[in-house]
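1. Below is the structure, and that's it, no one-letter string:
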């Protein structure tokens, strides 16, 4: 069964943006849609030329489709100047997942939100000087 994935991404964005400890650490401005207007939680875009640090960039990976419930891995790539900031972003995401409660007001209500795994990516940016950590978020919803 197909499943409204664009709205699932929007719901994850709303969930992350709504969690003030993460939002404040990233210095993300609520409602901002571009880096220029203060967005630090972003959707993956090949046109992001400059990424303020720290930032969290959403993308997606694998998933499963069942009869009623759909599960998907959303990637949240944390870009930071040092490993301590990357660890703090991971801590905030784990705290969010531990405190998460279903929100029926999201554009696509989620039934599950959890940190699945994480891994350090190859150094990125100018001269490979940015720390990049991929944090896999598992979300599910009724399709």
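-> Yep, that arrived. Quantities reported herein were computed from a predicted structural model and do not represent experimental measurements.

2. Longest helix in the protein, by number of residues?
-> The longest helix of the chain (DSSP state H) is helix 83-99.

3. Span of stretch 121-134 from start to end?
-> End-to-end distance of stretch 121-134 (C-alpha to C-alpha, to the nearest Å): 7 Å.

4. now swap in stretch 39-52 and tell me
-> Stretch 39-52 has its terminal residues 9 Å apart, counting by C-alpha to C-alpha.

5. just stretch 23-34 next, same as before
-> End-to-end span of stretch 23-34 (C-alpha to C-alpha): 15 Å.

6. Stretch 94-110 too?
-> Using C-alpha to C-alpha, one end of stretch 94-110 lies 17 Å from the other.

7. and what of stretch 14-28?
-> One end of stretch 14-28 sits 12 Å from the other (C-alpha to C-alpha).

8. mean confidence score for that stretch?
-> Across stretch 14-28, the average pLDDT comes to 97.

9. next one: stretch 97-109
-> Mean pLDDT, stretch 97-109: 92.

10. Ok, stretch 52-60 next?
-> Averaged over stretch 52-60, pLDDT sits at 92.

11. Same check on stretch 72-81?
-> What stretch 72-81 shows for mean pLDDT is 92.

12. ok, now stretch 113-128?
-> Stretch 113-128 comes out at a mean pLDDT of 80.
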